[in-house]
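1. Give me the fold of what follows.
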Amino acid sequence: MKPQQSHFFAHLSRMKLINRWPLMRNVSTENVQEHSLQVAMVAHALALIRNKYFQGDLDPYRIATLAMFHDVSEVITGDLPTPVKYFNPAISKEYKKIESIAEQKLLDMTPDVFREDYAELIDHHLHTEQERFIIKAADVICAYLKTLEELAAGNHEFELAKKRLDKILNAYQADEVNYFIQAYVPSFSLSLDEITQE
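-> Down below sits the predicted model:
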(Lines give C-alpha, C1' and ligand atoms only; values in the text may rest on other atoms or scores of the structure.)
Protein backbone atom coordinates (compact mmCIF):
# COMPACT_ATOMS: atom_id res chain seq x y z
CA MET A 1 0.00 0.00 0.00
CA LYS A 2 1.36 3.40 -0.99
CA PRO A 3 1.31 5.92 1.90
CA GLN A 4 -0.76 9.06 1.54
CA GLN A 5 1.56 12.08 1.24
CA SER A 6 1.28 14.48 4.16
CA HIS A 7 2.81 17.88 4.97
CA PHE A 8 2.00 17.45 8.67
CA PHE A 9 5.51 16.75 9.97
CA ALA A 10 7.09 19.28 7.63
CA HIS A 11 4.91 21.88 9.32
CA LEU A 12 5.68 20.61 12.83
CA SER A 13 9.41 20.79 12.10
CA ARG A 14 9.00 24.56 11.76
CA MET A 15 8.31 24.86 15.49
CA LYS A 16 12.05 25.35 15.87
CA LEU A 17 11.86 28.48 13.70
CA ILE A 18 9.35 30.28 15.93
CA ASN A 19 11.03 32.27 18.69
CA ARG A 20 9.21 32.89 21.94
CA TRP A 21 9.21 36.20 23.85
CA PRO A 22 9.44 38.18 20.57
CA LEU A 23 8.84 41.61 22.12
CA MET A 24 11.57 41.21 24.74
CA ARG A 25 15.34 41.34 24.59
CA ASN A 26 16.62 37.82 25.32
CA VAL A 27 20.07 36.79 26.53
CA SER A 28 19.27 33.31 25.24
CA THR A 29 16.61 32.80 22.58
CA GLU A 30 14.03 30.06 23.04
CA ASN A 31 11.99 28.51 20.26
CA VAL A 32 8.61 26.78 20.43
CA GLN A 33 10.08 23.31 19.87
CA GLU A 34 12.49 23.67 22.82
CA HIS A 35 9.72 25.11 24.96
CA SER A 36 7.36 22.25 24.11
CA LEU A 37 9.89 19.63 25.19
CA GLN A 38 10.44 21.41 28.51
CA VAL A 39 6.68 21.73 29.07
CA ALA A 40 6.28 18.00 28.37
CA MET A 41 8.96 17.15 30.94
CA VAL A 42 7.48 19.45 33.59
CA ALA A 43 3.90 18.28 32.91
CA HIS A 44 5.06 14.67 33.25
CA ALA A 45 6.64 15.56 36.61
CA LEU A 46 3.50 17.37 37.81
CA ALA A 47 1.39 14.32 36.97
CA LEU A 48 3.81 12.03 38.82
CA ILE A 49 3.82 14.35 41.86
CA ARG A 50 0.04 14.45 41.95
CA ASN A 51 -0.18 10.66 41.67
CA LYS A 52 2.52 9.88 44.25
CA TYR A 53 1.66 12.45 46.91
CA PHE A 54 -1.82 13.84 46.32
CA GLN A 55 -4.06 10.87 45.37
CA GLY A 56 -4.04 11.62 41.65
CA ASP A 57 -4.78 9.11 38.91
CA LEU A 58 -3.33 10.86 35.87
CA ASP A 59 -1.44 9.13 33.06
CA PRO A 60 1.95 10.91 33.08
CA TYR A 61 2.87 9.54 29.64
CA ARG A 62 -0.33 10.79 28.04
CA ILE A 63 0.14 14.16 29.76
CA ALA A 64 3.71 14.41 28.44
CA THR A 65 2.58 13.62 24.90
CA LEU A 66 -0.29 16.12 25.03
CA ALA A 67 2.15 18.76 26.29
CA MET A 68 4.54 18.11 23.38
CA PHE A 69 1.72 19.10 21.03
CA HIS A 70 0.24 21.97 23.09
CA ASP A 71 1.64 24.78 20.90
CA VAL A 72 1.69 23.15 17.45
CA SER A 73 -0.87 25.61 16.10
CA GLU A 74 1.84 28.27 16.31
CA VAL A 75 3.47 26.89 13.15
CA ILE A 76 0.51 28.57 11.44
CA THR A 77 -0.34 31.46 13.80
CA GLY A 78 3.14 32.32 15.08
CA ASP A 79 3.69 33.09 18.77
CA LEU A 80 1.44 35.97 19.75
CA PRO A 81 3.01 37.75 22.73
CA THR A 82 1.10 37.39 26.01
CA PRO A 83 0.48 41.16 26.45
CA VAL A 84 -1.22 41.17 23.04
CA LYS A 85 -3.04 37.84 23.41
CA TYR A 86 -4.58 38.84 26.74
CA PHE A 87 -4.88 42.59 26.12
CA ASN A 88 -8.66 42.34 26.44
CA PRO A 89 -11.33 39.59 26.40
CA ALA A 90 -12.31 40.27 22.78
CA ILE A 91 -8.76 39.71 21.49
CA SER A 92 -8.40 36.56 23.65
CA LYS A 93 -11.67 35.15 22.32
CA GLU A 94 -10.77 35.83 18.70
CA TYR A 95 -7.28 34.36 19.15
CA LYS A 96 -8.82 31.16 20.55
CA LYS A 97 -10.86 30.91 17.35
CA ILE A 98 -7.73 31.42 15.25
CA GLU A 99 -5.92 28.69 17.24
CA SER A 100 -8.82 26.28 16.63
CA ILE A 101 -8.75 26.99 12.90
CA ALA A 102 -4.97 26.44 12.83
CA GLU A 103 -5.33 23.16 14.76
CA GLN A 104 -7.96 21.97 12.29
CA LYS A 105 -5.75 22.95 9.34
CA LEU A 106 -2.95 20.80 10.80
CA LEU A 107 -5.32 17.90 11.42
CA ASP A 108 -6.54 18.13 7.82
CA MET A 109 -2.92 17.46 6.75
CA THR A 110 -2.74 14.14 8.57
CA PRO A 111 -3.49 10.91 6.68
CA ASP A 112 -7.12 9.90 7.21
CA VAL A 113 -6.20 6.76 9.13
CA PHE A 114 -4.33 8.80 11.80
CA ARG A 115 -6.63 11.83 12.00
CA GLU A 116 -8.47 10.76 15.16
CA ASP A 117 -5.18 9.89 16.87
CA TYR A 118 -3.71 13.33 16.22
CA ALA A 119 -6.99 15.07 17.04
CA GLU A 120 -6.73 13.48 20.49
CA LEU A 121 -3.33 15.16 20.90
CA ILE A 122 -3.97 18.53 19.27
CA ASP A 123 -7.62 19.37 19.95
CA HIS A 124 -7.71 20.79 23.51
CA HIS A 125 -11.47 20.15 23.68
CA LEU A 126 -10.73 16.42 23.78
CA HIS A 127 -8.56 16.72 26.90
CA THR A 128 -9.92 16.42 30.42
CA GLU A 129 -10.05 19.44 32.69
CA GLN A 130 -7.27 17.93 34.84
CA GLU A 131 -5.07 17.34 31.80
CA ARG A 132 -5.59 20.90 30.59
CA PHE A 133 -4.73 22.26 34.04
CA ILE A 134 -1.52 20.23 34.38
CA ILE A 135 -0.33 21.28 30.91
CA LYS A 136 -1.21 24.95 31.51
CA ALA A 137 0.55 24.88 34.88
CA ALA A 138 3.63 23.33 33.26
CA ASP A 139 3.51 25.98 30.55
CA VAL A 140 3.45 28.76 33.16
CA ILE A 141 6.22 27.11 35.20
CA CYS A 142 8.42 26.94 32.09
CA ALA A 143 7.79 30.61 31.35
CA TYR A 144 8.70 31.36 34.97
CA LEU A 145 11.92 29.34 34.66
CA LYS A 146 12.80 31.37 31.57
CA THR A 147 12.43 34.60 33.58
CA LEU A 148 14.73 33.22 36.29
CA GLU A 149 17.37 32.27 33.73
CA GLU A 150 17.21 35.69 32.07
CA LEU A 151 17.37 37.52 35.40
CA ALA A 152 20.31 35.37 36.54
CA ALA A 153 22.07 36.45 33.33
CA GLY A 154 21.52 40.10 34.28
CA ASN A 155 18.60 40.78 31.93
CA HIS A 156 16.21 43.00 33.90
CA GLU A 157 13.77 43.03 30.98
CA PHE A 158 12.12 39.96 32.57
CA GLU A 159 11.45 41.42 36.05
CA LEU A 160 7.80 42.33 35.44
CA ALA A 161 7.15 39.03 33.65
CA LYS A 162 8.50 37.19 36.69
CA LYS A 163 6.21 39.13 39.04
CA ARG A 164 3.18 38.44 36.82
CA LEU A 165 4.00 34.71 36.66
CA ASP A 166 4.60 34.61 40.44
CA LYS A 167 1.02 35.80 40.93
CA ILE A 168 -0.38 33.23 38.50
CA LEU A 169 1.49 30.35 40.13
CA ASN A 170 0.45 31.45 43.64
CA ALA A 171 -3.18 31.71 42.53
CA TYR A 172 -3.21 28.07 41.37
CA GLN A 173 -3.09 26.78 44.96
CA ALA A 174 -2.22 23.37 43.51
CA ASP A 175 -0.23 20.93 45.65
CA GLU A 176 1.73 19.46 42.74
CA VAL A 177 2.69 22.95 41.49
CA ASN A 178 3.83 24.03 44.95
CA TYR A 179 5.83 20.82 45.36
CA PHE A 180 7.56 21.28 41.99
CA ILE A 181 8.41 24.91 42.76
CA GLN A 182 9.87 24.06 46.17
CA ALA A 183 11.80 21.00 44.97
CA TYR A 184 13.13 22.06 41.58
CA VAL A 185 12.85 25.78 40.90
CA PRO A 186 15.55 27.14 43.28
CA SER A 187 18.26 25.42 41.23
CA PHE A 188 17.42 27.55 38.18
CA SER A 189 18.92 30.62 39.85
CA LEU A 190 22.24 28.86 40.43
CA SER A 191 25.34 28.54 38.25
CA LEU A 192 26.51 25.25 36.71
CA ASP A 193 29.24 25.01 39.37
CA GLU A 194 26.66 25.46 42.12
CA ILE A 195 24.33 22.73 40.84
CA THR A 196 27.17 20.24 40.28
CA GLN A 197 28.93 20.65 43.64
CA GLU A 198 28.84 17.65 45.94
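2. Beyond whichever strand or helix holds Lys52, next helix or strand please.
-> Assigned by DSSP states H and E, Lys52 belongs to helix 32-53. Later in the chain than helix 32-53, the nearest helix or strand by DSSP H and E is helix 60-68.
3. counting contacts, what elements does the very next helix or strand once past that next one pack onto?
-> Following helix 60-68 in sequence order, the next helix or strand is helix 74-77 (DSSP H and E). The contact analysis (3 or more Cβ pairs under 8 Å, 6 or more residues apart in numbering; DSSP states H and E) places helix 74-77 against helix 8-12, helix 89-109. From N, CA and C alone the C-beta is placed, and that goes for glycine too.
4. Which one of these lies nearest to Arg50?
-> With Cβ to Cβ as the criterion, Arg50 lies closest to helix 89-109 of these, at 26.4 Å.
5. Distance from that closest one to the middle of the chain?
-> Distance, stretch centre to chain centre, for helix 89-109: 16 Å (Cα atoms, centre = their mean, to the nearest Å).
6. In JSON lines: the helices and strands packed on helix 74-77, plus distance to Arg20, mean pLDDT and mean neighbour count.
-> Below are the helices and strands packed on helix 74-77 laid out as JSON lines (distance: least, Cβ to Cβ, whole Å; pLDDT from 0 to 100; neighbours: other Cβ atoms under 10 Å):
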{"stretch": "helix 8-12", "distance to Arg20": "16", "mean pLDDT": "96", "mean neighbour count": "14"}
{"stretch": "helix 89-109", "distance to Arg20": "16", "mean pLDDT": "87", "mean neighbour count": "14"}
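7. excluding its backbone neighbours, what's nearest the most centrally placed residue in the chain?
-> Central residue of the chain (Cα atoms, centre = their mean): Asp139, 3.7 Å from the mean position. Leaving aside its sequence neighbours, Asp139 sits nearest to Val39 (Cβ to Cβ, 6 or more residues apart in numbering; 5.3 Å).
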